[in-house]
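K.L.:
take a look and give me a structure for this.
(chains A and B)
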Amino acid sequence: MQLDWTGWSQFILALVAVGGAIGAHFLNRRGQVTQGMQQTAANELATRAQGFDEMEAVVEWQAKQIEKLEAKADKDSLAQARRCRTTLDHFMVSFITLIGQVGTEEARRSAEKALTEAEVHLAEDHPDTPETTP
Amino acid sequence: MTQLESHPRAPETTILMRANDMTARARWYLAIAGVRHLLVGGFALTLPVSFKSTSFIPILEAAPLWFWSIFSLGAGIACTAAAAARSEPLARLGMAWSAVLTLLIGVGLLMSVFTGQSSSPTGPIIWLAVALKDFVVCAQPIRSPFEGLTEQLARKKQAST
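P.N.:
Numbers count the residues shown, from 1 in each chain, chains lettered A, B, ... in the order given. Below is the predicted model of the structure:
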């Protein structure tokens, strides 16, 4: 089938141009809307991802602080035990000296009892602390 | 007494994606479309004898070759400039321009099929298919924030390994 469109091509192509331009404009708008939606979603995701990073940083910081506190607590306990041991050692020496000096039998027995108690305390409560010489 | 470190301040919330990111896919498409129109327009302007086929009669009846040449060069410049400058408004203009011009050539060639002036029906098939592709691209986002995000995450992962 052959048609004689001579003279009509200008009109037809003009119509196509107008229709095409309107269609392209409409599709461009649609593309922009989709793009805007993607941008919003991506921004939201990025914000959330940053929130996770921040949480991770806080957790790491807290773990570090806990380690520091534990180390300090250990050091304090050790120092206190050492002080206690030294004091008890001093007491023991004093008791031994006292036992040799007291005149009455009753006082000597009391001193010996106190010495035994101090030794028991040292053996039970401070088995690992180093010996200190008074 | 142990001095505890101060709490690290949260970084300012910034958007990870640059707003003007244009996808590599869009840039390639724009560049290829631009070169296509520059070549067609250039040939039409400098070698008008290349358009002696009877298939072009409906197109050339509608407007002279120099008009089509300038129309095509304009679309080519808009598309290539948009690809080079990563400009979204220019890209949208270029794609719309390219889609309309390609559609016009496709319809013109299709008319020649019905008037018996066409040398081959493949011309309108291909030109109209390319026009549809241009329209499809018009309806798509020119820049995708997810591509930027993916690239950044990939870089972060590479740096950590």
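
K.L.:
hey, let's count contacts and neighbours off CA atoms from now on
P.N.:
OK.

K.L.:
and the next element down the chain from the helix or strand encompassing B:W66?
P.N.:
Using DSSP states H and E, B:W66 sits within helix B:65-85. Sequence order places helix B:88-114 as the next helix or strand after helix B:65-85, per DSSP H and E.

K.L.:
buried residues of that following helix, list them for me.
P.N.:
Buried positions in helix B:88-114, judged by neighbour count with 16 or more other CA atoms under 10 Å in any protein chain shown: B:88, B:90-113.

K.L.:
mind listing what B:A99 touches?
P.N.:
Neighbouring residues of B:A99 by CA atoms under 8 Å, 6 or more residues apart in numbering or on different chains: A:20, A:24, B:131-132, B:134-135.

K.L.:
does chain A sit close to stretch B:130-148?
P.N.:
Yes. Counting by CA under 8 Å from any CA of the partner chain, chain A is contacted by stretch B:130-148 at B:135-136, B:138-146.

K.L.:
in helices, which of those fall?
P.N.:
In this view, those that belong to helices under DSSP state H are B:135-136, B:138, B:145-146.

K.L.:
please report phi then psi for B:L47.
P.N.:
B:L47 has phi and psi values of phi -130, psi 70 when expressed as degrees, to the nearest 10.

K.L.:
just B:I142 next, same as before
P.N.:
phi -80, psi -30.

K.L.:
next, count neighbours for it.
P.N.:
Per other CA atoms under 10 Å in any protein chain shown, the neighbour tally for B:I142 reads 27.

K.L.:
same check on the one 5 residues further on?
P.N.:
If you count neighbours by other CA under 10 Å, B:E147 ends up with 16.

K.L.:
leaving out the residues flanking it, which one is nearest to it?
P.N.:
B:T23 (6.9 Å; CA to CA, 6 or more residues apart in numbering or on different chains).

K.L.:
and what of A:A24?
P.N.:
Nearest one to A:A24, counting by CA to CA, 6+ apart, is B:A96 at 5.1 Å.

K.L.:
was I right about the one you found contacting A:G19?
P.N.:
No. If you go by CA atoms under 8 Å, B:A96 and A:G19 don't touch, sitting 11.7 Å apart.

K.L.:
at the geometric centre of chain B, which residue sits there?
P.N.:
In chain B, the centroid-proximal residue (CA atoms, centre = their mean) is B:L30; its distance is 2.8 Å.

K.L.:
can you pull the contacts of that one?
P.N.:
B:L30 touches B:79-80, B:82-83, B:91, B:94-95, counting by CA under 8 Å, 6+ apart.

K.L.:
one more time with 6 Å, if that's ok
P.N.:
B:79, B:83 (CA atoms under 6 Å, 6 or more residues apart in numbering or on different chains).

K.L.:
what strand or helix carries it?
P.N.:
Assigned by DSSP H and E, B:L30 belongs to helix B:24-46.

K.L.:
right, and the helix or strand after that helix?
P.N.:
By DSSP H and E, the next helix or strand past helix B:24-46 is helix B:57-62.

K.L.:
quick one: that next one to chain centroid distance?
P.N.:
26 Å (CA atoms, centre = their mean, to the nearest Å).

K.L.:
with just CA atoms, put that helix into PDB.
P.N.:
Output in PDB follows, covering the C-alpha atoms of helix B:57-62 (Å, rounded to 0.1, in the frame of the first residue of the first chain):
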ATOM      1  CA  ILE B  57      12.400  12.600   1.200                       C
ATOM      2  CA  PRO B  58       9.600  13.000   3.900                       C
ATOM      3  CA  ILE B  59      12.100  14.400   6.300                       C
ATOM      4  CA  LEU B  60      13.600  16.800   3.800                       C
ATOM      5  CA  GLU B  61      10.200  17.900   2.600                       C
ATOM      6  CA  ALA B  62       9.300  18.900   6.100                       C
END
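
K.L.:
contacting residues around that helix?
P.N.:
Contact with helix B:57-62 is made by A:9-10, B:108, as judged by CA under 6 Å, 6+ apart.

K.L.:
now tabulate those residues in JSON lines and tack on pLDDT.
P.N.:
Formatted as JSON lines, the contacts of helix B:57-62 follow (pLDDT from 0 to 100):
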{"residue": "A:S9", "pLDDT": "85"}
{"residue": "A:Q10", "pLDDT": "85"}
{"residue": "B:G108", "pLDDT": "93"}
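
K.L.:
distance to B:T150 added to those, as TSV?
P.N.:
Formatted as TSV, these follow (distance: CA to CA, whole Å):
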residue	distance to B:T150
A:S9	49
A:Q10	49
B:G108	43
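
K.L.:
and the pLDDT at A:A81?
P.N.:
If you check A:A81, the pLDDT there is 81.

K.L.:
count of neighbours near it?
P.N.:
Neighbours of A:A81 using other CA under 10 Å come to 16.
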